[in-house]
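**Q** Below is the structure, and that's it, no one-letter string:
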């Protein structure tokens, strides 16, 4: 086995275990872990099946097959970044709506002469 192959196998298995541990401890939600787990599985399979890696690299015209692993990892990181950008955009819009509704409620309470406990005067 080549050192690169051993490094890729250990790295992808470590990533897989780390994601599972984050899910177990509640630091990462299951719906956000899917791409991470898929990346770890794909990289592990490509690392273990050198013939498959060589064949896919040859079909794609990649001269050095291990660089295909970096390409796959890079594509998954781009997908994860895109996914989180969408999630952040949605949360930003929801946060804006909630802030506006809260301001309207405070105004309505102030106009009704109701004091908010712990609120601003």
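**A** Looks like it arrived, so ask away. Since we're looking at a predicted model, the values are computed, not measured.
**Q** CA atoms for contacts and neighbours, from now on please.
**A** Fine.
**Q** what about stretch 14-24, distance to the chain center?
**A** Distance, stretch centre to chain centre, for stretch 14-24: 13 Å (C-alpha atoms, centre = their mean, to the nearest Å).
**Q** does residue 76 really touch residue 33, like I thought?
**A** No - judged on C-alpha atoms under 8 Å, residue 76 makes no contact with residue 33 at a distance of 11.9 Å.
**Q** any idea how far residue 63 lies from residue 86?
**A** 35 Å (C-alpha to C-alpha, to the nearest Å).
**Q** for the top helix by length along the chain, packing partners?
**A** Ranked by number of residues, the top helix in the chain under DSSP state H is helix 66-111. Secondary-structure packing of helix 66-111 (3 or more C-alpha pairs under 8 Å, 6 or more residues apart in numbering; DSSP states H and E): helix 30-48, helix 50-60.
**Q** Excluding its own residues, what touches the last one? List them.
**A** If you take C-alpha atoms under 8 Å, 6 or more residues apart in numbering as the criterion, helix 50-60 is touched by 46-47, 63-66, 68.
**Q** Distance to residue 18, neighbour count and pLDDT added to those residues, as CSV?
**A** What follows is the contacts of helix 50-60, written out as CSV (distance: C-alpha to C-alpha, whole Å; neighbours: other C-alpha atoms under 10 Å; pLDDT from 0 to 100):
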residue, distance to residue 18, neighbour count, pLDDT
46, 19, 23, 88
47, 18, 22, 87
63, 32, 11, 93
64, 29, 10, 91
65, 26, 20, 88
66, 23, 18, 86
68, 23, 20, 90
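**Q** export those residues to JSON lines and tack on distance to residue 106?
**A** Compiled in JSON lines, the contacts of helix 50-60 are given as follows (distance: C-alpha to C-alpha, whole Å):
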{"residue": "46", "distance to residue 106": "58"}
{"residue": "47", "distance to residue 106": "59"}
{"residue": "63", "distance to residue 106": "64"}
{"residue": "64", "distance to residue 106": "63"}
{"residue": "65", "distance to residue 106": "62"}
{"residue": "66", "distance to residue 106": "60"}
{"residue": "68", "distance to residue 106": "57"}
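**Q** which of these lies closest to residue 91?
**A** Using C-alpha to C-alpha, residue 68 is the member of the contacts of helix 50-60 that lies nearest residue 91, at 34.6 Å.
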